[in-house]
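1. structural data only, the sequence is not supplied:
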């Protein structure tokens, strides 16, 4: 990825993150989970509480999935078209071939964060999170081949005279190929309550939440590509609603207990219309996981049973994840994981994470890397209850 693309992603992330906290819930929900490849449904830091009792936790993360290096390609197209406008002779067919080869390529970004606050008793927990997913796709227009060849075959002197007269023979805005972006941003404000049944080793949790679902659409000429402008200029339509999340965990007895977990995100299916009239179907996302842990380690295998639906250029996804964590002494932990999209629409990633406990303060960070220009980073800080390590 070029420096220009990297700077563009940084600006785009800043534009999508409001002053409040945002979250990419499934893949970079928090730094500790991200380091384990996204698993964590069966993980338990203490035998008496689930989830682990953080009095306060703040998490931020971003994952840019660009397996086909689309953003690098479009950035190079924009620079070459700028040179063409400045009367630099180019091979029209060669550039048109490259643009045609990029037709349909897509990059996807997931970003955000999460804030949770819980009383000393651990129940209930106040949760604020927001997940943003954006798909960016290139659409080639065959008319550009003729435009590029005509510009390439025009003598440089004629180009120069046209520029001096204020009527240039070729302008970048003559190019019809476009970059299109569509995205879904979901803000959740909810209260989570847990229940525990020690006789059968069963733990349940439910979250009642207010939601704001925002759908965005944007389009930009490939000759004027700027990712920050693409996202900042998007049309948006907002919908206010409510929904429910559910979770369950069962574990066996013994020094190395086996655990089974299941979650349902957005129990009530709903449909929302976007700025262009296209509908987004928010269906229940069901995930299951199988895990086991020892004195210093925990490992898990998880899979999405249902798909996270797409919208417009944003493709659907259904993730399978495997990962684990190892505790180093009393203060440290390291983790690793792997994530794979069973639908094949999002690049697979390998992740590495590390955490440090300084008394009751817990710090975590993780890096995710994948095919092409796929890269993600997450960071989190938590204030743990007094009897937690």
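-> Thanks, I have the structure now. Bear in mind the structure is a predicted one, so any value in this text is a computation, not a measurement.

2. OK, contacts around the residue nearest to residue 266 when sequence neighbours are not counted?
-> Excluding its sequence neighbours, the residue lying closest to residue 266 (C-beta to C-beta, 6 or more residues apart in numbering) is residue 243, at 4.9 Å. C-beta here means a position set from N, CA and C on the backbone, and glycine is covered the same way. Applying C-beta atoms under 8 Å, 6 or more residues apart in numbering to residue 243 gives the contacts 209, 211, 266-268, 270.

3. ok, now how distant is residue 243 from residue 324?
-> Remark: distance between residue 243 and residue 324 (C-beta to C-beta, to the nearest Å) = 31 Å.

4. hmm, back to that, please, which helix or strand holds the residue nearest to residue 266?
-> Under the criterion of DSSP states H and E, residue 243 resides in strand 235-251.

5. what packs against whichever helix or strand comes after that strand?
-> For strand 235-251, the succeeding helix or strand toward the C-terminus, using DSSP H and E, is strand 258-265. Using 3 or more C-beta pairs under 8 Å, 6 or more residues apart in numbering; DSSP states H and E as the contact test, the elements touching strand 258-265 are strand 235-251, strand 285-293.

6. of those strands, which stretch is the most buried?
-> strand 285-293 (a mean of 19; mean count of other C-beta atoms under 10 Å).

7. coming back round to it: of the contacts of residue 243, grab the buried ones for PyMOL.
-> The following PyMOL line selects those of those that are buried, judged by 16 or more other C-beta atoms under 10 Å:
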select buried, resi 209+211+266
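
8. format the contacts of residue 243 as TSV; extra columns: distance to residue 353 and secondary structure.
-> Shown next, in TSV, are those (distance: C-beta to C-beta, whole Å; DSSP: H, G, I helix; E, B strand; the rest coil):
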residue	distance to residue 353	secondary structure
209	27	strand
211	29	strand
266	27	coil
267	30	coil
268	33	coil
270	34	strand
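
9. any idea which element the one residue sitting closest to the centre of the chain lies in?
-> The residue lying closest to the centre of the chain (C-alpha atoms, centre = their mean) is residue 110, at 1.4 Å. According to DSSP H and E, residue 110 maps onto strand 106-117.

10. quick check: buried residues in that strand?
-> With the criterion 16+ other C-beta under 10 Å, strand 106-117 contains buried residues 106-116.

11. can you pull out the helices in the stretch 51-200 of the chain?
-> Ranges of helices in the stretch 51-200 of the chain, per DSSP state H, counting those that start in this stretch, are 70-85, 92-101, 143-152, 156-164.

12. would you turn those into a markdown table with mean neighbour count?
-> Converted to a markdown table, the helices of the stretch 51-200 of the chain look like this (neighbours: other C-beta atoms under 10 Å):
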| stretch | mean neighbour count |
| --- | --- |
| helix 70-85 | 20 |
| helix 92-101 | 16 |
| helix 143-152 | 17 |
| helix 156-164 | 13 |
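
13. output the lowest mean pLDDT helix or strand found in this structure.
-> Lowest mean confidence among the helices and strands of the chain (mean pLDDT, DSSP states H and E): helix 3-16, at a mean of 45.

14. residue 245 bridge partners, please.
-> Applying DSSP bridges to residue 245 yields these beta-bridge partners: residue 207.

15. and what of residue 138?
-> Beta-bridge partners, per DSSP bridges, of residue 138: residue 179.

16. test my guess that it contacts residue 107.
-> No - look at residue 138 against residue 107 with C-beta atoms under 8 Å: they stay out of range, at 9.0 Å.

17. report the set of residues contacting both of those two.
-> What both residue 138 and residue 107 touch, as defined by C-beta under 8 Å, 6+ apart, is the set residue 70.

18. low-confidence ranges in the stretch 1-150 of the chain?
-> By pLDDT under 70, the low-scoring segments of the stretch 1-150 of the chain are 1-29, 45-53, 84-90, 120-122.

19. residue 224 and residue 179: what is the separation?
-> Taking C-beta to C-beta, one finds residue 224 at 9 Å from residue 179.

20. make that residue 255, sorry
-> 55 Å.

21. also residue 295?
-> 52 Å.

22. cool, residue 172 as well?
-> Counting by C-beta to C-beta - residue 172 and residue 179 are separated by 13 Å.

23. those two: who's more crowded?
-> residue 179 (26 against 16; other C-beta atoms under 10 Å).

24. doesn't residue 226 make contact with that one?
-> No - using C-beta under 8 Å, residue 179 is not in contact with residue 226; the gap is 9.5 Å.

25. overlap of the contact sets of those two?
-> Taking C-beta under 8 Å, 6+ apart as the criterion, residue 179 and residue 226 both touch residue 220.

26. circling back: what is the strand holding residue 110 packed up against?
-> Using 3+ C-beta pairs under 8 Å, 6+ apart: strand 106-117 touches helix 3-16, strand 54-65, helix 70-85, strand 125-139.

27. which strands border the second one, and is each parallel or antiparallel?
-> So the one you mean is strand 54-65. strand 106-117 (antiparallel), strand 375-384 (antiparallel).
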